[in-house]
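> Let me see the structure of the following:
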Amino acid sequence: MPHSVPLALATDAVPVLMYHDIRPDAHGLWTLTPEQFMAEMAFLHHCGFHTLTPQELEAAMSGDAALPPRPILLTFDDGYESFYQDAYPVLRRYGMHATVFVITGFVGRPGYLTRAQLQTLASAGWVTLESHTVDHPRLAHLSPERVNWEVRQSRSDLDLWSNQPVMAFAYPYGDYNRFTVQAVAAAGYQLAFTTHPGYAPLNGDPLQLPRLEVSGGITMRQFEEMLAPSWAGSSG
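Next up, the predicted model:
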């Protein structure tokens with residue numbers, strides 16, 4: 001369910017949407033139908049949202065750049081093949097940028113993106129590939145050595161496959177602790193995203209940024225209400 005966000009956050013925080021899988025036979029919280037996704041992207045386009053890259057969000061948080069009107073970050077966790085088949089064509093149609101948090105050890109498995117698809121997405125210019133670890137473990141329950149390997153190796157993999165700078169991370173299951181955050185920082189990430197609900201404050205901790213989950217059960221009215229602080233008063 002969407003979470004209420006104070007209107008005051010409209011100018012000092014950014015909505016970061018969290019998606020997972022998109023497919024025609026969608027069921028459960030983690031999967032949307034292509035029709036639902038299309039309707040949501042059409043709404044964002046109609047209301048004049050500007051999709052950010054992680055680099056643009058980091059620049060705004062550090063005071064190095066200003067944000068465009070109605071900024072939003074679209075994130076997709078896990079790297080499902082459905083992103084390539086069902087989400088990317090819609091994003092390209094509307095000229096929207098997206099960030100995919102890739103589980104690098106799952107690349108090439110059935111239902112997940114292949115290396116060739118990752119390279120196509122990276123070279124197209126509309127998609128940023130970022131890290132979601134190698135094996136998608138609960139990081140807070142691992143040894144320090146394993147945590148360091150998960151966050152460093154996944155970044156190394158993506159650097160090689162995408163030929164893009166990898167600077168953002170998403171904690172699997174939203175599971176992290178103080179050491180995890182330190183490991184992510186030490187590995188060179190500048191942003192890291194949780195599953196805590198809310199807008200990402202520009203003056204917040206860049207390694208513990210909240211997101212807004214878009215579930216398969218959400219209605220368009222709920223989707224609009226979730227983003228009301230950013231789009232209310234649209235003249236479109």
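
> Can you list the neighbours in contact with the longest helix along the chain?
Longest among the helix segments of the chain by residue count, using DSSP state H, is helix 144-162. The list of residues contacting helix 144-162 from outside it, by C-beta atoms under 8 Å, 6 or more residues apart in numbering, reads 102-105, 107, 115, 118-119, 122, 129-135, 137, 139, 142, 164-166, 169, 179-180, 183-184, 186-189. Every residue, glycine included, has its C-beta placed from N, CA and C.

> what about stretch 72-91, how long is it end to end?
13 Å (C-alpha to C-alpha, to the nearest Å).

> Which strands or helices does the helix or strand following the longest helix of the chain pack on?
Counting by DSSP states H and E, the next helix or strand C-terminal to helix 144-162 is strand 168-170. Contacts defined by 3 or more C-beta pairs under 8 Å, 6 or more residues apart in numbering; DSSP states H and E place strand 168-170 against strand 98-102, strand 127-131, strand 191-197.

> Please state the offset of strand 168-170 from the chain centre?
Offset of strand 168-170 from its chain centre (C-alpha atoms, centre = their mean, to the nearest Å): 8 Å.

> got a list of contacts for that strand?
Strand 168-170 is contacted by residues 54, 75, 77, 99, 101, 128, 130-132, 151, 155, 184, 187, 189-193 when judged by C-beta under 8 Å, 6+ apart.

> where exactly do the strands run in the chain?
13-14, 16-19, 21-22, 31-32, 50-51, 71-78, 98-102, 127-131, 168-170, 191-197, 200-201, 209-213 (DSSP state E).

> roughly how far is stretch 156-168 from the heart of the chain?
16 Å.

> possible to save the strands of the chain as TSV with mean neighbour count, distance to S62 and mean pLDDT?
Putting the strands of the chain into TSV (neighbours: other C-beta atoms under 10 Å; distance: least, C-beta to C-beta, whole Å; pLDDT from 0 to 100) gives the following:
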stretch	mean neighbour count	distance to S62	mean pLDDT
strand 13-14	22	14	95
strand 16-19	23	17	98
strand 21-22	22	32	93
strand 31-32	22	33	92
strand 50-51	19	19	96
strand 71-78	24	15	98
strand 98-102	26	18	98
strand 127-131	26	18	97
strand 168-170	28	14	98
strand 191-197	20	10	97
strand 200-201	20	13	96
strand 209-213	22	13	97
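
> Could you point out which of these sits nearest D86?
Evaluated with C-beta to C-beta, the strands of the chain place strand 21-22 nearest to D86, the distance being 4.6 Å.

> Which strands and helices lie in contact with that closest one?
strand 31-32.

> Partner strands of the strand it packs on, with direction?
Neighbouring strands of strand 31-32 in its sheet, by DSSP bridges, are strand 21-22 (parallel).

> What lies in contact with the strand it pairs with?
Counting by C-beta under 8 Å, 6+ apart, 30-34, 37, 78, 80, 82-83, 86-87 sit against strand 21-22.

> Just put those in TSV and tack on distance to P68.
Formatted as TSV, the contacts of strand 21-22 follow (distance: C-beta to C-beta, whole Å):
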residue	distance to P68
W30	30
T31	30
L32	26
T33	29
P34	27
F37	23
D78	28
Y80	28
S82	28
F83	24
D86	27
A87	22
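
> Separate out the buried members of those.
Buried members of the contacts of strand 21-22, scored by 16 or more other C-beta atoms under 10 Å, are 31-34, 37, 78, 80, 82-83, 86-87.

> Show me which of the residues you listed is closest to Y173.
D78 (11.0 Å).

> how about the residue nearest the centre of the chain, what does it touch?
Centroid check for the chain by C-alpha atoms, centre = their mean gives T75 as the closest residue, at 1.9 Å. Contacts for T75 (C-beta under 8 Å, 6+ apart) come out as 16-19, 98-101, 170, 193, 211.
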